[in-house]
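Here's a sequence, model it:
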Amino acid sequence: MSTVSRRTFAATPARDALSTWSAIVDVLAPGATHSARKELTAVAGIAASIISDRSPKDHAIVATCDGPRTRVYCLFDDDAVDGSDANEAALGYDALKGDWAVSLPCHADELDWVQRALKKHGTRVTVRELDAPVAADQDEPATATARLSLVPDLKGLRES
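Predicted structure coming up:
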């Protein structure tokens, strides 16, 4: 199982959906010369539509690469204006290093048109239904998932 980082961005009404995607791109592909930046900006309208639908409120935009995985969520309404739960800080690694992909969460009724629109821009940015696993997650062995679900015995710790 790879390391996972989380970032949370203030969206509407603190900033519009397109500006939110731009902020996300700035963190995932920092610098004007980052190799993934062109592909991410090419799908800006589609990603903004996903953000406008509020899909990334509870379902992450997931960036996978040769290094750590990055999960991106968005805040909306009062939470976005307050911004106290936002974490838009730069990552300490290249989130799109090597063989990278970005998976966007999408409502089922929007899935077909979003898939068609994204295919026009390449294969690295994909879409999935809200509760569907990210394709890279399906490659994880069941034992890795089981290790993550361990619950400590707090009572036993206190008694020892």
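
got the buried residues for stretch 100-107?
For stretch 100-107, a neighbour-count test (16 or more other Cβ atoms under 10 Å) marks Trp100, Ala101, Val102, Ser103, Leu104, Pro105, Cys106 as buried. Just so you know, the C-beta spots here come from the backbone N, C-alpha and C atoms, and that holds for glycine as well.

Those in strands, which ones?
Ala101, Val102, Ser103, Leu104, Pro105, Cys106 (DSSP state E).

Out of those, which comes closest to Asp53?
Ranked by distance to Asp53 (Cβ to Cβ), these are led by Cys106 at 7.5 Å.

Helix, strand, or coil at Val62?
Following DSSP: H, G, I helix; E, B strand; the rest coil, we place Val62 in the strand state.

where's it relative to Pro133, distance?
10 Å (Cβ to Cβ, to the nearest Å).

how about the nearest residue to Asp99, chain neighbours excluded?
Asp66 (6.0 Å; Cβ to Cβ, 6 or more residues apart in numbering).

how deep is that neighbour tucked in, by neighbour count?
11 (other Cβ atoms under 10 Å).

Any chance of JSON lines for the buried residues of stretch 100-107, columns pLDDT and distance to Ala36?
JSON lines is the format used below for those (pLDDT from 0 to 100; distance: Cβ to Cβ, whole Å):
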{"residue": "Trp100", "pLDDT": "96", "distance to Ala36": "6"}
{"residue": "Ala101", "pLDDT": "96", "distance to Ala36": "10"}
{"residue": "Val102", "pLDDT": "97", "distance to Ala36": "8"}
{"residue": "Ser103", "pLDDT": "97", "distance to Ala36": "14"}
{"residue": "Leu104", "pLDDT": "97", "distance to Ala36": "15"}
{"residue": "Pro105", "pLDDT": "97", "distance to Ala36": "19"}
{"residue": "Cys106", "pLDDT": "95", "distance to Ala36": "20"}
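
Can you add distance to Ala29 and give these back as TSV?
Conversion of the buried residues of stretch 100-107 to TSV gives the following (distance: Cβ to Cβ, whole Å):
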residue	distance to Ala29
Trp100	9
Ala101	13
Val102	10
Ser103	15
Leu104	15
Pro105	19
Cys106	21
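
Let me know the closest of those to Ala17.
Leu104 (12.3 Å).

isn't the closest one right up against Arg124?
No - between Leu104 and Arg124 there is no contact under Cβ atoms under 8 Å: 11.4 Å.
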